[in-house]
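>>> Have a look at this fold, sequence not included:
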């Protein structure tokens, strides 16, 4: 929609054969996963050392923020997925207006 | 007349009309200079009411200067400056004019000291923002801007009727804290809520904003909803019903953003989500909550504009807007990617970003008021923000798969605007005192405690973990999601069409039936009169006609005597 503005649309090139960017090589991605999981573990274990100031009761228990983040996010994704069954339409749905 | 009697918003509104008259180089100076001039005026006006004009029995107060109006006007001016820098190369001058009138009227709204001048700037804002949409040259921009305008016209009508009823009830035009307990105040609240994209009218935002130009959306994201937040904060602090509106908006924004494929529509849904946090805070209404709302509006305008600038840069350089078409852009757009990520971290309230120091005040106020369920919902929503905006946006636009596109970073002015706002996001996060000093009430809140930082990191990192675990469920599809606007874009038009075609069909049938009957009657009459003996075909004497005429005249004569 902004064709007239985009004077230079960059150097479109297919990256089929050329070397992949180091960040997306499978080896790097594997290390990122390992590093990420290690960080998650450290964060959970941090609860041993941090003295909580709970506002209510449950938010002072061990690992609360970790599991709560994981569970509510999973629940929201699944809920959205379920709602999508009813609400999703092709993106041309309103085009005939 | 002193300098204080000049409404700061007028600098932008009047300046806007100079833009088409001057050469490109002067225009650039005006674009950058006008917001700075407005900012200077905002900070030189002392507290108090100025620019008071009499109107019939009432007074219009165009400048009510206090901490709250100064805070909002400041961030509106900063936004206009950075947005102007970003839009320096925008060739459509009409859009720039519209944008500056729009920004100026938003400043006008936050300075309005009475309901009538509030309404004037409120409507000017609706007109100017419609023009911003209209000046985008998509094939659909006319229809989109009309849909947008209809919703805002409805909001305007509700607001106007509400204001009139309120003035009738109280005899005062003052714009101060109210509670929604009369016909007038309820309508005023409804008018404000429509602009805040509250349900049931949330869909106008995600419908319209992504259809503006790459620069237009950046401005649109800042003013309408935040002026509404200001109006709610000034007019209805502590109105409990707002908590329900706010919480609904928070989760509406998350769920719809999760389903969305258009990168700028994801961010549009996330505006509703963020405004939901603010509306919830206004509903809680304590000093801590009000401070949190004001701070969050300030921080939000900056990081949301930053996010939309990075999305706009992608659109500008690639012409693509759907996640299904994008991906892998980090390789050739490092600055856009970095700035987009900083915006994403800020909106997710990562420690040492602006979102962290503002949003946590709203959560804190819920905890202070022992609103347990609300607090847990806000916590879930914080996780959800990271999910739908913090990770989803950068992941699908800049990483994900390799789209094969290798666009470079956008021109220097766009990069500079993004870098400026990135610096503000981080700066506010590291030195929160700067923002805290601008808030309406004294701040007794320390965001950087060890448990707070650690707990927030746990929450966010595990949300991120959930994102990557659930990635297969989030595969982008070429879809939109039906919203409340489906009712007035599909169901209602279809129902009306059906109703009218039914009416036409019935009408047609009745006419047909009538014509058939008429034919039959005429045929019958003509059959009756076929022979020379029929009532109508007989030959009458002229004399009998003369007699009947004289009978009629005699009757007439008689009646005229009787009535006199």
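Alright, I've got the coordinates. Keep in mind that what you see is a predicted model, and the values were worked out from it rather than measured.
>>> Walking through the chain, point out its strands one by one.
Because you didn't say which chain, this covers chain A. A:88-90 (DSSP state E).
>>> nope, chain B
B:48-55, B:58-65, B:479-481.
>>> The last one: partners in the sheet, and parallel or antiparallel?
Strand B:479-481 has the following sheet partners, assigned by DSSP bridges: strand A:88-90 (antiparallel).
>>> For the strand it pairs with, buried residues please.
If you call a residue buried by 16 or more other C-beta atoms under 10 Å in any protein chain shown, then strand A:88-90 has these buried ones: residue A:88. Heads up, the C-betas are built off the backbone N, CA and C, glycines and all.
>>> related to what we said a few turns ago, the strands of chain B into JSON lines, with extra columns for mean pLDDT and mean neighbour count?
Converted to JSON lines, the strands of chain B look like this (pLDDT from 0 to 100; neighbours: other C-beta atoms under 10 Å in any protein chain shown):
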{"stretch": "strand B:48-55", "mean pLDDT": "88", "mean neighbour count": "14"}
{"stretch": "strand B:58-65", "mean pLDDT": "92", "mean neighbour count": "21"}
{"stretch": "strand B:479-481", "mean pLDDT": "88", "mean neighbour count": "22"}
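>>> Need those in TSV (columns: distance to residue B:203).
Compiled in TSV, the strands of chain B are given as follows (distance: least, C-beta to C-beta, whole Å):
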stretch	distance to residue B:203
strand B:48-55	36
strand B:58-65	33
strand B:479-481	10
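>>> Quick one, which of those strands gets closest to residue B:288.
strand B:58-65 (23.9 Å; C-beta to C-beta).
>>> Just give me the residue right at the centre of chain A.
Geometric centre of chain A, nearest residue: residue A:73, 9.9 Å, by C-alpha atoms, centre = their mean.
>>> longest single helix anywhere in the chain?
Here I'm looking at chain A. Secondary structure of chain A per DSSP state H: the longest helix is helix A:64-87.
>>> my bad, chain B
helix B:492-528.
>>> Can you give the domain ranges for chain A?
Following automatic domain parsing, one finds the domains of chain A at A:21-50, A:51-88.
>>> Please identify the most buried of those domains.
domain A:51-88 (a mean of 16; mean count of other C-beta atoms under 10 Å in any protein chain shown).
>>> and the closest residue to residue B:253 other than its chain neighbours, what is it in contact with?
Nearest residue to residue B:253, sequence neighbours excluded (C-beta to C-beta, 6 or more residues apart in numbering or on different chains): residue B:273, at 2.6 Å. The contact partners of residue B:273, taken as C-beta atoms under 8 Å, 6 or more residues apart in numbering or on different chains, are B:249-254, B:257, B:381, B:384-385, B:388-389.
>>> switch the cut-off to 10 Å
By C-beta atoms under 10 Å, 6 or more residues apart in numbering or on different chains, the contact set of residue B:273 is B:197, B:249-257, B:347, B:381, B:384-385, B:388-389.
>>> For residue B:323, see how far away the closest residue to chain A within the stretch 51-200 of chain B is.
Here the stretch 51-200 of chain B gets closest to chain A at one residue, residue B:138, 4.3 Å apart by C-beta to the nearest C-beta. The spacing between residue B:138 and residue B:323, counted by C-beta to C-beta, to the nearest Å, is 19 Å.
>>> okay, these two: which has more neighbours?
Neighbour totals were compared for residue B:138 and residue B:323, and residue B:323 leads with 25 against 14 (other C-beta atoms under 10 Å in any protein chain shown).
>>> Surely that one and residue B:258 touch.
No - applying C-beta atoms under 10 Å as the test, residue B:323 and residue B:258 come out as separate, 11.8 Å apart.
>>> intersection of neighbour lists for these two?
Common neighbours of residue B:323 and residue B:258 (C-beta under 10 Å, 6+ apart) are B:266, B:392, B:474.
>>> okay if I get those as CSV plus pLDDT and neighbour count?
Shown next, in CSV, are those (pLDDT from 0 to 100; neighbours: other C-beta under 10 Å):
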residue, pLDDT, neighbour count
B:266, 94, 26
B:392, 91, 22
B:474, 83, 21
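>>> Which members of these are positioned in helices?
B:266, B:392.
>>> what subset of the shared contacts of residue B:323 and residue B:258 is also close to chain A?
Among those, the residues within reach of chain A (C-beta under 10 Å from any C-beta of the partner chain) are residue B:474.
>>> Now flag whichever of the shared contacts of residue B:323 and residue B:258 is closest to residue B:501.
Scanning those for proximity to residue B:501, where the rule is C-beta to C-beta, the winner is residue B:266, at 38.8 Å.
>>> correct me, but the closest one touches residue B:391?
No - with contact defined as C-beta under 10 Å, residue B:266 does not reach residue B:391; the gap is 11.1 Å.
>>> Does chain A have contacts with stretch B:280-296?
No - using C-beta under 10 Å from any C-beta, stretch B:280-296 never reaches chain A; the gap is at least 13.1 Å.
>>> Now do the same contact list for residue 64.
In the absence of a named chain, chain A is used. Contacts of residue A:64 by C-beta under 10 Å, 6+ apart are A:47, A:52, A:54, A:57-58, B:379, B:455, B:458-459.
>>> sorry, should have said chain B
B:45, B:47-52, B:110-114, B:117-118, B:174-176, B:234.
>>> Can you pull the residues of the stretch 451-564 of chain B lying near chain A?
B:451-471, B:473-474, B:477-483, B:485-486, B:489-490, B:493.
>>> out of those, which are buried?
Using 16+ other C-beta under 10 Å, the buried ones in those are B:451-467, B:470, B:474, B:479-483, B:485-486, B:489.
>>> among those residues, which are in helices?
B:451-467, B:485-486.
>>> low-scoring pLDDT stretches of chain A, where are they?
Within chain A, the segments meeting pLDDT under 70 span A:1-18.
>>> all helices of it, in order?
With DSSP H as the criterion, chain A has helices spanning A:26-45, A:64-87.
>>> Output those helices as a markdown table; include the columns distance to residue B:361.
Listed next are the helices of chain A as a markdown table, based on distance: least, C-beta to C-beta, whole Å:
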| stretch | distance to residue B:361 |
| --- | --- |
| helix A:26-45 | 24 |
| helix A:64-87 | 18 |
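>>> Out of these, the one nearest residue B:555 is which?
Using C-beta to C-beta, these put helix A:64-87 closest to residue B:555, at 76.6 Å.
>>> Next, the angle from that closest one to helix B:450-469.
40 degrees (axes from the mean of the first three to the mean of the last three C-alpha atoms, to 10 degrees).
>>> returning to that earlier point: chain A: which of the shared contacts of residue B:323 and residue B:258 is nearest?
residue B:474 (6.6 Å).
>>> Which residues are in contact with the spatially closest residue to that closest one that is not a sequence neighbour?
Leaving aside its sequence neighbours, residue B:474 sits nearest to residue A:77 (C-beta to C-beta, 6+ apart; 6.6 Å). Going by C-beta under 10 Å, 6+ apart, residue A:77 touches B:254-255, B:258, B:384, B:387-388, B:466-467, B:469-471, B:473-474.
>>> which residues in the stretch 201-350 of chain B form helices?
In the stretch 201-350 of chain B, the helices defined using DSSP state H, counting those that start in this stretch lie at B:203-208, B:216-235, B:241-259, B:263-284, B:287-318, B:334-347.
>>> Who are the packing partners of the longest one?
Right, helix B:287-318. Packed against helix B:287-318 by the contact rule (3 or more C-beta pairs under 10 Å, 6 or more residues apart in numbering or on different chains; DSSP states H and E) you find helix B:67-86, helix B:216-235, helix B:263-284, helix B:334-347, helix B:354-368, helix B:392-398, helix B:412-430, helix B:432-436.
>>> Around residue B:183, how many other residues sit close by?
13.
>>> domains for chain B, by residue range?
Split by automatic domain parsing, chain B gives B:1-54+B:78-236, B:238-476, B:490-563.
>>> so which of the ones you listed comes closest to residue A:66?
The nearest among these, by C-beta to C-beta, is domain B:238-476 at 4.6 Å.
>>> can you give me the end-to-end distance of the closest one?
End-to-end distance of domain B:238-476 (C-alpha to C-alpha, to the nearest Å): 40 Å.
>>> for residue 47, what are its contacts?
Since you didn't name a chain, this refers to chain A. A:60-66, B:451, B:454-455, B:458.
>>> Chain B is the one I meant
B:64-67, B:69-70.
>>> Nothing else from me, thank you.
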